[in-house]
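Participant: return a 3D structure for these sequence lines:
(one chain, ligands or ions: 1)
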Amino acid sequence: MTTPTVYEKLTARSREIALIGNASALLGWDQETYMPSKAVAYRAEQLSYLAGLSHQLSTSAEFGEWLAVAESEQSSWPADDERRANVREWRRDYDRATRTPADLVTELARVSALSREAWLAARQKSDYSHFQPWLDKIIALNKRQADCWGWTETPYNALLDAYEPGSNAADLTALFADLRQTLVNLLPAAMKRTGSVDPAKLRGDYPVEAQQKFNRAVAEAMGFDFEAGRIDPTTHPFCSGMGFGDCRLTTRYDEHDFTSSLFSIMHEAGHGLYEQGLRAEVYGTPLGGSVSLGIHESQSRLWENQIGRSRVFWEYWYPRACEFFPGLKERVSLDEFWTIINHVEPSYIRTESDEVTYNLHIILRFELEKALVEGTLAAADVPAAWNSRFKELFGIEVKTPNEGCLQDIHWSLGGLGYFPTYTLGNLNAAQLFRTALRQNAGLEQEIAQGRYTRLLAWLRQNIHQHGRRYLPDNLMKLATGEPTRAQYFGDYLRAKFS
Ligand code: ZN
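Facilitator: Below is the predicted model of the structure:
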């Protein structure tokens, strides 16, 4: 018997931590889908126990000792040895975990749970004052967390880096300023281009069972492996990878509009394809994990919008949708259908917004949460700041907190620094798809025939298989020749809407 090397020890420990994380993900999925209501308290105990166990393993002194040895040994490894990426990422995770004191971890979990309740209550009354004291606590805890992790320029950078490694507020500010100008300039033309058909024309009877069959047919065509995944109903759609060979998508159904569940399934299946494309032999180590939320979201947005809201996609699927949903053909033509699913109009709710205005919603949230963390905006002033900035960006007046600053769950769950990754996902999606089209002659014709094998292979090759080997910006450079830029998303929208 040979003694394992430190690298092997680190790998084994990393897989152990992943086993716990995956078990927690399965319990979390169950909680959102089939768990009986009386199980809430015990489930919380199970999840909290596993979180504690995982934290203990992730911060153990021996892990730190093995890591230090591996770092000194790697000088003898070849420069392109992919194990170097695992060591780098283990160091990143270990430092972040050990710099967070245990009392801060528990306090964040406790306050988030209570603040979610307060947020729900505030929404029920459409009264921000119920939530404000909790947002105060969450801001304070996030500031403390940022100080523990360490930061330069702004504490917001430390929080952002948790979701999007290597990114920073200054770069985002420049990127978003560029983008905002494009969006504002394009908005009138996009409204005109898509305003000719009343979206209500699409409304009709779409039985849930038919929607389920249609969604499954589309997800299968995309390449989602149903022997390694499934779809279940829930209140808020999500995708959860819970170990190799098990990736679950969820959606909700509107019996009067089949596109609501379809686009959420295309979105979540885009996330799912990324999870299913991670490499089996390194699963449970950073090389076998997803790199960032901005890259994850690029996969979902690419399938949902670049593909799913394109004209060529529906050349193939519209006639099929008419078979699944009798009456659709009489309601709308292919042209009208395309116009409706791309309808552009300023509106209050981010999750229901179109491709043009969506990112204005994110820019607003980015500006506010950064100011909250930096202390230039107080929680008490959020509604006023939200409403006035909203008026500037969208030209419409917010009338109730529910259609304004109380609409999203993210802050109540303790997460600040998350929102920008949605826009990064949109920008990355456009940039990646443009490159895929350039490198694969005839790809668009294949999409018009309902074939996506070559597109998926390109994404596997350029994104999925790399796991966390490269930081997001480097991954984008390798895949497209450039870091994330706003230009390609702007080009895409201009080509589509003007
Ligand atoms: Zn997503």
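Participant: ok, and the closest non-adjacent residue to P101?
Facilitator: C148 (6.9 Å; CB to CB, 6 or more residues apart in numbering). (Glycine included, C-beta is placed from N, CA and C.)
Participant: name the element the one you found belongs to?
Facilitator: For C148, the element it lies in under DSSP states H and E is helix 132-149.
Participant: buried stuff in that helix?
Facilitator: For helix 132-149, burial by neighbour count (16 or more other CB atoms under 10 Å) applies to 132, 134-135, 137-139, 141-146, 149.
Participant: ramachandran angles for T251?
Facilitator: phi -150, psi 170 (degrees, to the nearest 10).
Participant: do I have it right that it meets A269?
Facilitator: No - checked against CB atoms under 8 Å, the pair T251 and A269 is beyond contact range at 9.8 Å.
Participant: more neighbours: which of the two?
Facilitator: Set side by side, T251 and A269 give different neighbour counts by other CB atoms under 10 Å, the larger being at A269 (31 against 25).
Participant: got a list of what that one touches?
Facilitator: Residues counted as contacts of A269 (CB atoms under 8 Å, 6 or more residues apart in numbering) are V218, A219, M222, F224, C239, L249, W303.
Participant: what is the lowest-pLDDT residue among these?
Facilitator: When these are compared on pLDDT, C239 comes out lowest, with 94.
Participant: my read: it touches Q276, true?
Facilitator: No - here C239 does not reach Q276: they are 10.4 Å apart, not a contact under CB under 8 Å.
Participant: between the two, which one's more packed in?
Facilitator: In this comparison of C239 against Q276, neighbours counted by other CB under 10 Å, the higher total goes to C239 at 26 against 21.
Participant: give me the phi and psi for the more buried one.
Facilitator: phi -120, psi 130.
Participant: now do H256
Facilitator: With angles defined as degrees, to the nearest 10, H256 sits at phi -100, psi 0.
Participant: so the nearest residue to S498 once chain neighbours are set aside, which state does it fall into?
Facilitator: For S498, the nearest residue in space outside its immediate sequence neighbours is A189; the separation is 4.3 Å by CB to CB, 6+ apart. Local secondary structure at A189 is given as helix here, using DSSP: H, G, I helix; E, B strand; the rest coil.
Participant: for the residue nearest to P101, what are its contacts?
Facilitator: Taking CB under 8 Å, 6+ apart, one finds R99, T100, P101, L104 in contact with C148.
Participant: could you save those residues as CSV and add columns showing neighbour count and pLDDT?
Facilitator: Compiled in CSV, the contacts of C148 are given as follows (neighbours: other CB atoms under 10 Å; pLDDT from 0 to 100):
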residue, neighbour count, pLDDT
R99, 15, 95
T100, 17, 91
P101, 12, 90
L104, 14, 91
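Participant: reformat the residues you listed as CSV; add secondary structure and distance to A436.
Facilitator: As requested, these are exported to CSV (DSSP: H, G, I helix; E, B strand; the rest coil; distance: CB to CB, whole Å):
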residue, secondary structure, distance to A436
R99, coil, 39
T100, coil, 39
P101, coil, 45
L104, helix, 42
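Participant: and the helices in the stretch 251-400 of the chain?
Facilitator: Counting by DSSP state H, counting those that start in this stretch, the stretch 251-400 of the chain forms helices over residues 258-276, 293-301, 311-324, 328-331, 334-341, 358-374, 382-394, given from the N-terminal end onward.
Participant: mean confidence score for the fifth one?
Facilitator: For helix 334-341, the mean per-residue pLDDT is 98.
Participant: show me what the longest helix along the chain is packed against.
Facilitator: Longest helix of the chain, by residue count under DSSP state H: helix 6-33. For helix 6-33, the helices and strands in contact under the criterion 3 or more CB pairs under 8 Å, 6 or more residues apart in numbering; DSSP states H and E are helix 40-58, helix 61-73, helix 83-98, strand 239-241, strand 247-251.
Participant: to the ion, which of those lies closest?
Facilitator: strand 239-241 (7.3 Å; CB to the ion).
Participant: run through who's touching that closest one.
Facilitator: Strand 239-241 has contacts (CB under 8 Å, 6+ apart) with 22, 25, 28-29, 247-250, 268-269, 271-272, 275, 278, 290, 300.
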